[in-house]
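Peer 1: what follows is a predicted protein model with its sequence.
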Amino acid sequence: MANVRLTNIRKSFNKTEVLHGISLDIASGEFISLLGASGCGKTTLLRMVAGLETVSAGNVEIDNRDVTELPPEQRDIAMMFQSYALLPHLSVAENVRFPLRMRGIGNRDEQQEKVKAALETVQLGHLGERKPRQLSGGQQQRVALARAIVSTPKVLLLDEPLSNLDARLREDMQVELIEIHQRLKLTTIFVTHDQEEALSLSDRIVLLNAGKIEQQGTPDEIYNQPATGFASNFIGSANLVPAEIIDGANGPVAKFADGQLLSLDAQEKTRGAATIALRQEDLTLSAKGSGPKARVRTRVFLGARNRYVMTLAGHPLRALTANDLEFADGQDVVLSIDPARIRVIRD
Ligand SMILES: Nc1ncnc2c1ncn2[C@@H]1O[C@H](COP(=O)(O)OP(=O)(O)OP(=O)(O)O)[C@@H](O)[C@H]1O
């Protein structure tokens, strides 16, 4: 287990810069997620930690050692890819043993001990003799994970390792990853575009946007205190509505383009043009009462809940509600929200 330090990392492909100076300190034993939309540079950054991609500028340190110029096999890392690439002609146990053989770690008996332990960690101790094609997709993914952890690398790099799994298996594997991390305490860098996965697995989330770090923090901080409009929208898909922040009779209020007012937290300091971030799950809808009104455009049935798509001051607004609430298309509904849950982002 080791710390990882990235200092001012830049990467250009054919003169186009895709990573614009990333600096990041990852503590020994930390589980960190690189979260961001497709194309923001997550995989490129991970590959540079692995040594599979050169850096255009900056430094990579692992365990307080500069590895920027070292090839992957000298970095003491293991990487698991989205396509887990098992060798079809080798048994499960031989697949897991492969990195030990490549790196000449231990003799045959020691290698087999390690393989057994790794397969037991992913609960596949009984399937070592099978060939990969005789396993389900989820089991194959576990074999790939066993192969990644078998050499107890200093750093474990995971590139969207769960993205090929169906929803149920994915949840099971998430729990398994959490348990494996608790047991082995490997420094782990996990790439994902799935915010829920990042929130549920990580000690810390690094949100990337177009080759830069947009925000980093614990899942709680990232979810509850998004620092920018991008972060609010990306995590928890908040509604973003422009407004003017003014002093009302009882404290600050947001005034929307159509003149409607929404009370803000008494502590809110911003005044003037801003964007209001309203989480779908924080909005309460009612047929009567005081507060800004939104017009229902459509209702999406989600089983236990409904999603209402509405219009507020000319902007789309979505809310999640319990499904015993029914509003008709075209109806005006009153919005209420705990002022402490409203985020004001200065324009
Ligand atoms: N080998 C390459 N040659 C040229 N451009 C590349 C190369 N690899 C990546 N890029 C570009 O660099 C940018 C970042 O790509 P990267 O794969 O790191 O993004 P990502 O966030 O991992 O996306 P995804 O979630 O879709 O995998 C993209 O614009 C991509 O087109």
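Peer 2: Arrived safely. Numbers count the residues shown, from 1 in each chain.

Peer 1: report how many residues lie close to the spatially closest residue to Leu145 that is not a sequence neighbour.
Peer 2: Counting by CB to CB, 6 or more residues apart in numbering, Leu145 lies nearest to Val122, which is 5.4 Å off, once chain neighbours are set aside. C-beta coordinates here come from the backbone N, C-alpha and C atoms, glycine included. Residues lying near Val122 (other CB atoms under 10 Å) number 23.

Peer 1: check contacts around Val122.
Peer 2: Arg142, Val143, Leu145, Ala146, Glu176, Ile180 (CB atoms under 8 Å, 6 or more residues apart in numbering).

Peer 1: separation between it and Ile180?
Peer 2: 7 Å (CB to CB, to the nearest Å).

Peer 1: next: Asn323.
Peer 2: Asn323 is 37 Å from Ile180, by CB to CB.

Peer 1: repeat for Thr121
Peer 2: Counting by CB to CB, the gap from Thr121 to Ile180 is 6 Å.

Peer 1: check Gly330 too.
Peer 2: Distance, Gly330 to Ile180, by CB to CB: 52 Å.

Peer 1: okay, these two: which has more neighbours?
Peer 2: Between Gly330 and Ile180, counting by other CB under 10 Å, Ile180 is the more crowded of the two (20 against 9).

Peer 1: I'd guess that one is in a helix, am I close?
Peer 2: Yes: assessed with DSSP: H, G, I helix; E, B strand; the rest coil, Ile180 lies in a helix.

Peer 1: sorry, back to before: who touches both of Val122 and Ile180?
Peer 2: Contact criterion CB under 8 Å, 6+ apart; residues shared by Val122 and Ile180: Leu145.

Peer 1: joint contacts of Thr121 and Ile180?
Peer 2: In terms of CB under 8 Å, 6+ apart, Thr121 and Ile180 are both contacted by the residues Ile149.

Peer 1: got the contact list for Gly303?
Peer 2: Asn323.

Peer 1: scratch that, Arg183 is what I was asking about
Peer 2: With CB under 8 Å, 6+ apart, Arg183 has these contacts: Thr121.

Peer 1: what about it, distance to Leu177?
Peer 2: Separation of Arg183 from Leu177 (CB to CB): 11 Å.

Peer 1: next: Gln123.
Peer 2: Distance from Gln123 to Leu177, by CB to CB: 13 Å.

Peer 1: so which residues on the stretch 51-200 of the chain come close to the ligand?
Peer 2: His193 (CB under 6 Å from any ligand atom).

Peer 1: how about the secondary structure of the closest residue to Gly106 other than its chain neighbours?
Peer 2: Spatial nearest neighbour of Gly106, chain neighbours left out: Leu100 (6.2 Å); criterion: CB to CB, 6+ apart. Following three-state DSSP, we place Leu100 in the helix state.

Peer 1: wait, a helix at Gly58?
Peer 2: No: judged by three-state DSSP, Gly58 forms no part of a helix; its state is strand.

Peer 1: show me what contacts it?
Peer 2: By CB under 8 Å, 6+ apart, Gly58 lies in contact with Leu6, Thr7, Asn8, Ile9, Arg10, Gly21, Ile22, Ser23, Thr68.

Peer 1: hmm, the second one is touching Glu61, no?
Peer 2: Read that as Thr7. Yes: counting by CB atoms under 8 Å, Glu61 is a contact partner of Thr7 at 7.5 Å.

Peer 1: enumerate every residue touching whichever residue of the stretch 151-300 of the chain sits closest to the ligand.
Peer 2: Using CB to the nearest ligand atom, the single residue of the stretch 151-300 of the chain nearest to the ligand is His193, 5.1 Å away. Residues in contact with His193 (CB under 8 Å, 6+ apart) are Leu35, Gly36, Ala37, Ser38, Lys42, Glu160.

Peer 1: which strand or helix spans the residue nearest to Ser286 when sequence neighbours are not counted?
Peer 2: Closest residue in space to Ser286, ignoring its immediate chain neighbours: Val334 at 5.0 Å, by CB to CB, 6+ apart. For Val334, the host element (DSSP states H and E) is strand 332-336.

Peer 1: next secondary structure after that strand?
Peer 2: Heading C-terminal from strand 332-336, the first helix or strand you meet, by DSSP H and E, is strand 343-346.

Peer 1: what pairs with that following strand, parallel or antiparallel?
Peer 2: Neighbouring strands of strand 343-346 in its sheet, by DSSP bridges, are strand 272-278 (antiparallel).

Peer 1: the strand it pairs with to strand 332-336, inter-axis angle?
Peer 2: Relative orientation of strand 272-278 and strand 332-336, computed by axes from the mean of the first three to the mean of the last three CA atoms, to 10 degrees: 100 degrees.
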